[in-house]
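*Asks:* only geometry, no sequence info:
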């Protein structure tokens, strides 16, 4: 059974810093991996989706990488801003007849002004 | 207006009540999902519909009953719930089922359900 772990569970950094959020998974046979952000009391917003054949995706100040062989993905946030404060969730699709994503518990990020 | 709209935003119900959660997507997607988000736990997939047909039921108790009358609307009917069913219920949609090239999921803001 696929398991997704996100470290750290919580992170607080000063504004302007570059930071990396980590996601690891136990079964490397995945089809794709998505990073989401969730604001308090809200739903999830898709940030980046990486197909299994890709190594990374970029959107603005965000860069996500995927290393299937080691079962790892990272989300890099450059020049962090207070508006980046949210919970960041990693989720992946492993196929096998199940259509849903397997989610990690998330990293709660606080950017201090 | 967000692409995926859920109502109500908050719901408090007793264990003997019957209520329904509603989800509507305006994105022209073909697949819709119900997820449950409990405190301290990862999101759990409950149901998947593709082209209005249920394709997965993740061993969800029968007190949760989904309905998908068309590709734009999804309901979750609730009956005789337990306090441990209190959670944030999230609806999502995608252009294709996840098995087809991994279309990004678009989520609604959820319904915060409290069972007393």
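*Replies:* Thanks, I have the structure now. The structure displayed is predicted, hence computed values, not measured ones. Residues are numbered from 1 along each chain as shown, chains lettered A, B, ... in the order given.
*Asks:* now do stretch A:105-113, average pLDDT.
*Replies:* Averaged over stretch A:105-113, pLDDT sits at 96.
*Asks:* which residues touch that stretch?
*Replies:* Residues external to stretch A:105-113 that are found in contact with it (Cβ atoms under 8 Å, 6 or more residues apart in numbering or on different chains): A:6-15, A:19, A:21-22, A:38, A:80-90, B:40-42. C-betas here are computed from N, CA, C, even on glycine.
*Asks:* what residue in chain B comes nearest to chain A?
*Replies:* Closest to chain A within chain B is residue B:45: 3.0 Å, counting by Cβ to the nearest Cβ.
*Asks:* pretty sure that residue is in contact with residue A:91, am I right?
*Replies:* No. Counting by Cβ atoms under 8 Å, residue B:45 does not reach residue A:91; the two are 10.2 Å apart.
*Asks:* which stretches of the chain have low pLDDT?
*Replies:* Defaulting to chain A. A:96-99 (pLDDT under 70).
*Asks:* could you do chain B instead?
*Replies:* For chain B (pLDDT under 70), the answer is B:1-2, B:97-102.
*Asks:* got a list of what the residue most central in space within it touches?
*Replies:* Central residue of chain B (Cα atoms, centre = their mean): residue B:34, 2.7 Å from the mean position. Going by Cβ under 8 Å, 6+ apart, residue B:34 touches B:23, B:45-47, B:66, B:74, B:76, B:89-91.
*Asks:* between residue B:45 and residue A:91, what contacts are shared?
*Replies:* Counting by Cβ under 8 Å, 6+ apart, the common neighbours of residue B:45 and residue A:91 are residue A:101.
*Asks:* wait, which of the contacts of residue B:34 is closest to residue B:116?
*Replies:* For the contacts of residue B:34, the closest approach to residue B:116 (Cβ to Cβ) belongs to residue B:89, at 16.3 Å.
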